[in-house]
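Student: the sequence isn't on hand, but the structure is:
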């Protein structure tokens, strides 16, 4: 699975100042672990790579949807029994609806947040 991430087309990384391995590592660490962009900036600096936290933020916004799309097919498939759960929540002071697909083992399969109930 991780190997497939590194086999992304090189044109996705064309004109980037940093190597694609560094970009993917920063994005993966940000998404996998509870690290801030400034934490990642410091970790990269300890390894001799001077990258700004705002650059890591832009990488995350650009490459995380692509990584999610490629990883989705490797995620453990659920069993045949699942239910839809709807919850009303507040996010940053705004009301929203949280929809979750939950299997019989109470594992979240997928979720969706919407401002409107639909």
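Tutor: The structure has been received and is ready for your questions. Bear in mind that the values here come from a model prediction, so they are computed numbers and not experimental data. Numbering: from 1, shown residues only.
Student: C-alpha from now on. contacts and neighbour counts both.
Tutor: Will do.
Student: for the longest helix seen in the chain, what is the average pLDDT?
Tutor: For the chain, the helix with the greatest residue count under DSSP state H is helix 53-71. The predicted model assigns helix 53-71 a mean pLDDT of 88.
Student: tell me which residues in it are buried?
Tutor: Going by neighbour count (16 or more other Cα atoms under 10 Å), the buried part of helix 53-71 is 53, 56, 57, 60, 63, 64, 67.
Student: let me have those residues in CSV, extended by distance to residue 11.
Tutor: Output for those, formatted as CSV (distance: Cα to Cα, whole Å):
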residue, distance to residue 11
53, 23
56, 19
57, 20
60, 17
63, 13
64, 16
67, 15
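Student: show me what the longest helix of the chain is packed against.
Tutor: Applying 3 or more Cα pairs under 8 Å, 6 or more residues apart in numbering; DSSP states H and E, we find helix 53-71 packed against helix 2-5, helix 20-32, helix 37-46.
Student: okay, now the residue nearest to residue 102 when sequence neighbours are not counted: neighbour count?
Tutor: Counting by Cα to Cα, 6 or more residues apart in numbering, residue 108 is the residue found nearest to residue 102 once chain neighbours are left out, at 4.6 Å. As a burial measure, residue 108 scores 16 neighbours (other Cα atoms under 10 Å).
Student: stretch 81-90: how far from the chain's middle?
Tutor: With Cα atoms, centre = their mean, to the nearest Å as the basis, stretch 81-90 stands 21 Å off its chain's centre.
Student: quick one: contacts of it?
Tutor: Residues from elsewhere that reach stretch 81-90 (Cα atoms under 8 Å, 6 or more residues apart in numbering): 95, 96, 97, 98, 99, 100, 101, 102, 103, 104.
Student: how about stretch 49-69?
Tutor: With contacts defined as Cα under 8 Å, 6+ apart, stretch 49-69 is touched by 5, 23, 24, 26, 27, 30, 37, 38, 40, 41, 44, 45.
Student: can I get those residues in CSV with distance to residue 71?
Tutor: CSV is the format used below for those (distance: Cα to Cα, whole Å):
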residue, distance to residue 71
5, 8
23, 17
24, 13
26, 16
27, 14
30, 16
37, 22
38, 26
40, 22
41, 25
44, 24
45, 28
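Student: brilliant, that's me finished.
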